[in-house]
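K.L.:
The following comprises the amino acid sequence and a computationally predicted model.
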Amino acid sequence: MGEFLTQYTSFLLPALVIGYIADLIIGDPHGVWHPVCLIGRMITLFERWMRRVFCCPMREFAAGFCMAVLVLVCSAALPLVILWIGYRIHWGLGLALQSYMSYTILATKSLRVESMKVYTALRTEGIEVARRAVSMIVGRDTAELDEAGVTRAAVETVAENSSDGVIAAQIFLTVGVPVLGDFDKAVKPKDSMVGYKNERYRHFGTAAARLDDAVNFLPSRIAALLMIAAAGFLSICERFRTASFKTGENGGARDACRIWRRDRRCHASPNSAQTEAVMAGALGIQLGGAAAYFGVLHEKPTIGDVRRPVEAEDIVRANRVMTATSVIGAVVFCGLRLVCEVWLRRMGS
């Protein structure tokens, strides 16, 4: 086990770099080759088992808690076993497996591709196709959304997942590729699958929702700061190339920081509004507001100021901010990891 841990940590940074580049070029794999698909099936299976064991409705919280623990343990233990076997066979196989796991945990390109499908639909295929496209990446009801509502939903998803699917993944991968990365990946599907406040999951999904809040508390705030830096960088570099950050029209780094400080708590989740507030300020638009889930309208506070109407091009702008945030995050975290490794080697010698 000692030799395995040495190899595991020695190849952590190369695996992260390889995985990040592969994600930017290829994007997420589909089907059973993606860990989220496996985790989703695991959640469905464990939910069925736990509901049978804790058949009394009053015990739904306990059932949900046990399901959450089982999924997390399996999601962290399985990649560890696979890597141990890989490194036992050959260090090259271990590195390949470690790199592949890092690649599947990151989601920069897939987030951009899926949200840009909404933009393409709005531009060329009409509102009905756009509603179907956005329904694939959001949990809210989309059947009644107008063009502004579809755009707002897509931008909010890009903003929120800049934390959940990009920066949080980078943080956990930097600390412990890929065990903590898969641990973090297991938290997200549980919250999105059983974390709703409807009749079925009001009590069963409480543990999953609270766990997601706890795990992503710090990453969401780091993501917000990196996104502010990204907004500043992009506003300097050609002002987003389309003059979308003209003074007095849209926002920028200054407004991104101002709206973040003011509206970062304007959400039922302690984390979601962190990056949504930055995005609203950076683009100079207003996000949030009422949204329907499972046929029930939920009144939510707005985020940002109405400096101009929301338009389809905001999806493109949001993806530029997200991508810049991802690149800055990768540079920062890989740099920190490299500094730590150099320092530890000097201490060891």
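P.N.:
Sure, I can see it.
K.L.:
now the stretch 201-349 of the chain, which segments are flagged as low pLDDT?
P.N.:
201-209, 238-251, 348-349 (pLDDT under 70).
K.L.:
Helices of that one, start to end?
P.N.:
Assigned helices in the stretch 201-349 of the chain, in chain order: 206-215, 217-236, 253-263, 272-283, 313-348 (criterion: DSSP state H, counting those that start in this stretch).
K.L.:
Out of those helices, which gets nearest to residue 69?
P.N.:
Smallest distance to residue 69 across the helices of the stretch 201-349 of the chain (C-beta to C-beta): 8.3 Å, for helix 206-215. (Each C-beta comes from the backbone N, C-alpha and C, glycine too.)
K.L.:
Of all the helices of the stretch 201-349 of the chain, which one is nearest residue 124?
P.N.:
Residue 124 lies closest, by C-beta to C-beta, to one member of the helices of the stretch 201-349 of the chain: helix 313-348, at 13.4 Å.
K.L.:
tell me what the closest one is packed against?
P.N.:
Packed against helix 313-348 by the contact rule (3 or more C-beta pairs under 8 Å, 6 or more residues apart in numbering; DSSP states H and E) you find helix 12-26, helix 108-120, helix 147-161, helix 168-176, helix 217-236, helix 272-283.
K.L.:
Could you name the helices and strands sitting against the strand or helix carrying residue 103?
P.N.:
With secondary structure defined by DSSP states H and E, residue 103 is part of helix 91-105. When contacts are defined as 3+ C-beta pairs under 8 Å, 6+ apart, helix 91-105 packs onto helix 2-10, helix 12-26, helix 35-53, helix 60-89, helix 168-176, helix 179-194.
K.L.:
now the angle from that helix to helix 60-89?
P.N.:
Angle between the axes of helix 91-105 and helix 60-89 is 150 degrees (criterion: axes from the mean of the first three to the mean of the last three C-alpha atoms, to 10 degrees).
K.L.:
Next, the angle from helix 91-105 to helix 12-26.
P.N.:
Helix 91-105 and helix 12-26 are oriented at 50 degrees to each other (the same axes, to 10 degrees).
K.L.:
Please write out the alpha-carbon positions of helix 91-105 in CSV.
P.N.:
Provided in CSV are the C-alpha atoms of helix 91-105 (Å, rounded to 0.1, in the frame of the first residue of the first chain):
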residue,chain,number,x,y,z
TRP,A,91,2.8,2.4,-13.4
GLY,A,92,1.8,3.4,-17.0
LEU,A,93,-1.5,1.7,-16.6
GLY,A,94,-2.0,3.4,-13.3
LEU,A,95,-1.2,6.8,-14.7
ALA,A,96,-3.6,6.2,-17.7
LEU,A,97,-6.4,5.2,-15.3
GLN,A,98,-5.7,8.2,-13.1
SER,A,99,-5.7,10.5,-16.0
TYR,A,100,-9.0,9.1,-17.4
MET,A,101,-10.7,9.4,-14.1
SER,A,102,-9.5,13.1,-13.8
TYR,A,103,-10.9,13.7,-17.4
THR,A,104,-14.3,12.3,-16.6
ILE,A,105,-14.6,14.3,-13.4
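K.L.:
Buried residues, it. List them.
P.N.:
94-95, 97-105 (16 or more other C-beta atoms under 10 Å).
K.L.:
pLDDT of it, averaged?
P.N.:
Mean pLDDT, helix 91-105: 91.
K.L.:
what about that helix, distance to the chain center?
P.N.:
21 Å (C-alpha atoms, centre = their mean, to the nearest Å).
K.L.:
Could you do stretch 83-102 as well?
P.N.:
That offset, for stretch 83-102, works out to 25 Å (C-alpha atoms, centre = their mean).
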